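Peer 1: Provide a 3D model corresponding to the input given below.
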Amino acid sequence: MNDTSTDTETDHGFQVKSSEQGSSSSAENFRKAPFYMQEEDVVGFDDPKNLLIDWLVNGSAERTVVSVVAM
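Peer 2: I've put the predicted structure just below:
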């Protein structure tokens, strides 16, 4: 039988240790996974992507909070 505290599994290029890391640190590792996706693997987002980039680059000079949520 394997000890779960030493078992590791790799997903999306990140190594996550089962019980040594808290849920927030492992969640942060998986949040970075889309940065390693190839652009040709993501389809149908050109118009929204360009609009978001335009808002961020050419938007108001005031401080603004922008929430980007994806699944």
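Peer 1: shaky segments in the protein?
Peer 2: Along the chain, the parts satisfying pLDDT under 70 run over 1-43, 71.
Peer 1: rerun that using 50 as the cut-off
Peer 2: Filtered on pLDDT under 50, the chain yields the residue ranges 1-12, 14, 16, 20-21.
Peer 1: Looking at it, which helix is longest?
Peer 2: Looking across the chain with DSSP state H, the single longest helix is helix 46-58.
Peer 1: could you say what helices and strands it packs with?
Peer 2: Contacting helix 46-58 under the criterion 3 or more C-beta pairs under 8 Å, 6 or more residues apart in numbering; DSSP states H and E is no other helix or strand. Quick note: C-beta positions are derived from backbone N, CA and C, even for glycine.
Peer 1: Touching it from outside, list them.
Peer 2: Identification of contacts with helix 46-58 by C-beta atoms under 8 Å, 6 or more residues apart in numbering yields 66, 68.
Peer 1: Only alpha carbons, please: show that helix as PDB.
Peer 2: The C-alpha coordinates for helix 46-58 follow below in PDB (Å, rounded to 0.1, in the frame of the first residue of the first chain):
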ATOM      1  CA  ASP A  46     -11.000  35.500 -31.300                       C
ATOM      2  CA  ASP A  47     -13.700  38.200 -31.100                       C
ATOM      3  CA  PRO A  48     -14.100  38.100 -27.300                       C
ATOM      4  CA  LYS A  49     -10.400  37.900 -26.800                       C
ATOM      5  CA  ASN A  50      -9.800  40.900 -29.100                       C
ATOM      6  CA  LEU A  51     -12.500  42.900 -27.300                       C
ATOM      7  CA  LEU A  52     -11.000  42.100 -23.900                       C
ATOM      8  CA  ILE A  53      -7.600  43.100 -25.000                       C
ATOM      9  CA  ASP A  54      -9.000  46.400 -26.400                       C
ATOM     10  CA  TRP A  55     -10.700  47.100 -23.100                       C
ATOM     11  CA  LEU A  56      -7.500  46.500 -21.200                       C
ATOM     12  CA  VAL A  57      -5.200  48.400 -23.500                       C
ATOM     13  CA  ASN A  58      -7.300  51.200 -24.700                       C
END
